[in-house]
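# quick one: sequence plus predicted model below, questions after.
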Amino acid sequence: METKPEVNVTKFVGRHLSQLKILSRLLEHELESAKGGREVTLDRHLVENVLDTLEIFTDDCENVSGVSRDRKPEPKPVVARLN
């Protein structure tokens with residue numbers, strides 16, 4: 001019988017909360033750069049990165065807590081970049 005390695009919860013939470021702090025600062029910056037208008041325009045690439053960060057955070061938290069998703073994750077398309 002294999003056992004899961006013990007997770008240091010404090011380090012785990014601190015490491016993952018830092019991702020959310022960076023994300024919140026990014027969104028604050030985008031709001032400030034909207035020049036006080038009611039509308040905020042975000043680049044599609046930026047929104048995709050925000051969603052990826054949130055998915056990584058929730059997936060890692062679910063894996064550590066033992067909670068499984070109710071829905072199957074959608075496969076992400078593979079994009080080849082030519083630079």
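That came through, no problem.

# roughly how far apart are the nearest residue to residue 16 once chain neighbours are set aside and residue 41?
Once flanking residues are discounted, residue 16 sits nearest to residue 57: 5.5 Å by C-beta to C-beta, 6 or more residues apart in numbering. Using the backbone N, CA and C atoms, a C-beta is placed for each residue, glycine as well. Plainly put, residue 57 is 25 Å away from residue 41 if you go by C-beta to C-beta, to the nearest Å.

# nearest residue to the middle of this structure?
residue 53 (1.7 Å; C-alpha atoms, centre = their mean).

# what about residue 38, distance to residue 13?
Applying C-beta to C-beta to residue 38 and residue 13 gives a distance of 35 Å.

# and the two? Which one has more around it.
Using other C-beta atoms under 10 Å, the more surrounded residue of residue 38 and residue 13 is residue 13, with 13 against 5.

# understood, closing this out.
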